[in-house]
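Trainee: got a sequence here, can you build the structure:
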Amino acid sequence: MITELNFESIRPYNDDEIHEVFERLVKEAYFLELIKFLYPNFSTEQFLNKLLTIQSIREFQTEVIYPYVKEVLRTTTKGITHSGIENLDPNQHYLFISNHRDIVLDSAILNILMVENGFNTTEIAIGDNLLIYPWITDLVKLNRSFIVQRNLPVRQLMESTKRLSAYIRQTLVERNQSIWIAQREGRSKDGDDRTQVSLLKMLNISGNGSFAKSFGEINIVPLSISYEYDPCDYLKALEFQMKRDNTEYKKTQADDLKHMGAGLRGRKGRVHFGFGTPIKAADIEHLDSLDRNDQLQGLAEHIDAQIDNNYKFFPGNFIADDLFTNHSRHTDKYTAEDKSTFLAYLDEHLSRIDGDKEFLHNCLLEMYANPVKNFFTAELNK
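Mentor: Predicted coordinates:
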């Protein structure tokens with residue numbers, strides 16, 4: 001049994017708490033404005049009446065969240081595909097560790113796939129930097145999100161990290177509830193997907209026994225998320241320029257809201273979720289003889305290899321790699337029309353921002369090219 005800690009500050013809501021939360025939300029002006037934007041085909045009164053009839057978190061997800069996300073995917077993507085989920089067991093818990101492209105949709109699409117393939121929805125790790133208003137906190141905790149507290153003083157951060165680790169392990173092992181968490185704090189802005197060793201260090205705090213046993217019991221499944229087009233790519237490129245020109249630059253909460261909106265509304269082309277193989281204790285027993293830093297780095301590389309290998313490439317990835325590296329090694333993987341379409345897409349996104357166009361263009365090429373580079377680097381290292 002995991003030592004009981006107070007999880008009240010970070011846990012999602014329970015079924016018996018939802019009506020108290022709904023009563024708060026229906027009095028929140030910003031939430032009501034959001035409803036008008038998200039559900040234009042319903043009057044606010046219709047939506048609120050529906051909300052007040054809901055009796056469980058599961059019902060909230062299937063009746064409110066699921067239809068909205070499905071409509072977003074219908075209007076902004078050319079379809080969602082997946083691979084590897086058939087190798088997972090709906091009765092087992094999994095810790096899905098994925099690369100991170102979109103603030104809202106990465107976990108939302110995962111839960112769509114979970115529901116449609118006979119699994120329970122996952123709990124979702126979300127950084128408190130995104131909880132700009134109290135009503136946003138209410139909304140995400142209704143959607144089975146738990147809070148990752150950041151930017152705390154050192155002593156509080158240590159306590160928070162211990163609490164988070166214990167909560168994740170208890171949720172997985174004792175409650176048999178799956179979880180999604182990004183492989184690093186924040187999204188990968190340049191497409192160079194790497195699992196942060198600090199994430200694995202946090203997960204290991206609550207473990208018992210050997211390194212392999214500690215991680216084997218939480219059942220990590222590396223998950224590769226591939227968008228043909230990243231609707232926030234030009235905003236990410238602009239952030240690189242801002243940081244280049246001002247080393248003190250930091251993204252604001254208003255910027256986070258802008259990224260959320262662009263991610264939901266922008267076109268994404270084809271989207272693919274590649275589920276990896278659960279990492280068992282036997283897969284990483286060879287790490288037990290190493291020192292702790294090498295153990296963590298070895299596990300990070302194991303996760304990254306699966307994410308790289310299960311990534312779904314689209315023509316734009318190969319075009320970007322050829323242009324960024326000034327080679328023509330991938331020309332058999334795309335047509336002249338593919339290249340024209342992709343370059344027109346980049347030009348259209350660059351037209352939305354002012355700045356150093358050459359630098360911004362190279363940033364866009366690099367973020368689409370890096371997954372290809374990582375895949376072939378992993379192949380060479382096998």
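Trainee: just to be sure, residue 373 is in a strand?
Mentor: No. Counting by DSSP: H, G, I helix; E, B strand; the rest coil, residue 373 is not found in a strand; it is helix.
Trainee: what ranges does the stretch 1-150 of the chain have for its helices?
Mentor: Counting by DSSP state H, counting those that start in this stretch, one finds helices in the stretch 1-150 of the chain at the ranges 18-25, 29-38, 44-51, 57-60, 66-76, 105-116, 134-142.
Trainee: the fourth one: which residues count as buried?
Mentor: Right, the one you point to is helix 57-60. 57, 60 (16 or more other CB atoms under 10 Å). The C-beta positions use only the backbone N, C-alpha and C, and glycine is treated the same way.
Trainee: list the contacts of it.
Mentor: Contact partners of helix 57-60, identified using CB atoms under 8 Å, 6 or more residues apart in numbering, comprise 12-15, 18, 54, 121, 142-144.
Trainee: buried among those residues? Need that as a selection in ChimeraX.
Mentor: Paste this into ChimeraX to select the buried members of the contacts of helix 57-60, with burial taken from 16+ other CB under 10 Å:
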select :12,13,18,54,121,142,143,144
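Trainee: tell me which of the contacts of helix 57-60 is nearest to residue 108?
Mentor: residue 143 (8.5 Å; CB to CB).
Trainee: any regions of this structure where pLDDT drops low?
Mentor: 1-4, 378-382 (pLDDT under 70).
Trainee: again, only using 80
Mentor: 1-5, 186-188, 377-382 (pLDDT under 80).
Trainee: domains of it?
Mentor: 80-227+271-310, 232-265+313-382 (automatic domain parsing).
Trainee: now those domains in TSV, please, with extra columns for distance to residue 37.
Mentor: Below are the domains of the chain laid out as TSV (distance: least, CB to CB, whole Å):
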stretch	distance to residue 37
domain 80-227+271-310	13
domain 232-265+313-382	9
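Trainee: which stretch among those domains is buried most, on average?
Mentor: The highest average neighbour count among these, using mean count of other CB atoms under 10 Å, belongs to domain 80-227+271-310 at a mean of 18.
Trainee: and residue 38, which of the domains of the chain is closest to it?
Mentor: Per CB to CB, nearest to residue 38 of the domains of the chain: domain 232-265+313-382, 8.8 Å.
Trainee: so how far is the closest one off the chain centroid?
Mentor: Taking CA atoms, centre = their mean, to the nearest Å, one finds domain 232-265+313-382 lying 18 Å from the centre of the chain it belongs to.
Trainee: can you give me the helices in the stretch 201-350 of the chain?
Mentor: Going by DSSP H, counting those that start in this stretch, the stretch 201-350 of the chain shows helices at 211-216, 233-245, 253-265, 292-309, 315-325, 336-350.
Trainee: nearest to residue 188, of those helices?
Mentor: Among the helices of the stretch 201-350 of the chain, helix 233-245 sits nearest to residue 188 (CB to CB), with 9.1 Å.
Trainee: who's in contact with the helix or strand containing residue 180?
Mentor: According to DSSP states H and E, residue 180 maps onto strand 179-182. Here strand 179-182 makes contact (CB under 8 Å, 6+ apart) with 93-100, 106-107, 110-111, 122-125, 168, 171-172, 199, 223.
Trainee: chain center to it: distance?
Mentor: On CA atoms, centre = their mean, the centre of strand 179-182 falls 7 Å from that of its chain.
Trainee: quick one: strands adjacent to it?
Mentor: strand 95-98 (parallel), strand 123-127 (parallel) (DSSP bridges).
Trainee: in JSON lines, list these along with distance to residue 80.
Mentor: Below are the strands paired with strand 179-182 laid out as JSON lines (distance: least, CB to CB, whole Å):
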{"stretch": "strand 95-98", "distance to residue 80": "15"}
{"stretch": "strand 123-127", "distance to residue 80": "18"}
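Trainee: nearest to residue 219, out of those strands?
Mentor: strand 95-98 (6.1 Å).
Trainee: got the CA coordinates for that closest one in PDB?
Mentor: Taking C-alpha atoms only, strand 95-98 is exported to PDB below (Å, rounded to 0.1, in the frame of the first residue of the first chain):
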ATOM      1  CA  LEU A  95       1.000   5.200 -18.100                       C
ATOM      2  CA  PHE A  96       1.000   6.700 -21.600                       C
ATOM      3  CA  ILE A  97       4.100   8.900 -22.000                       C
ATOM      4  CA  SER A  98       4.000  10.800 -25.300                       C
END
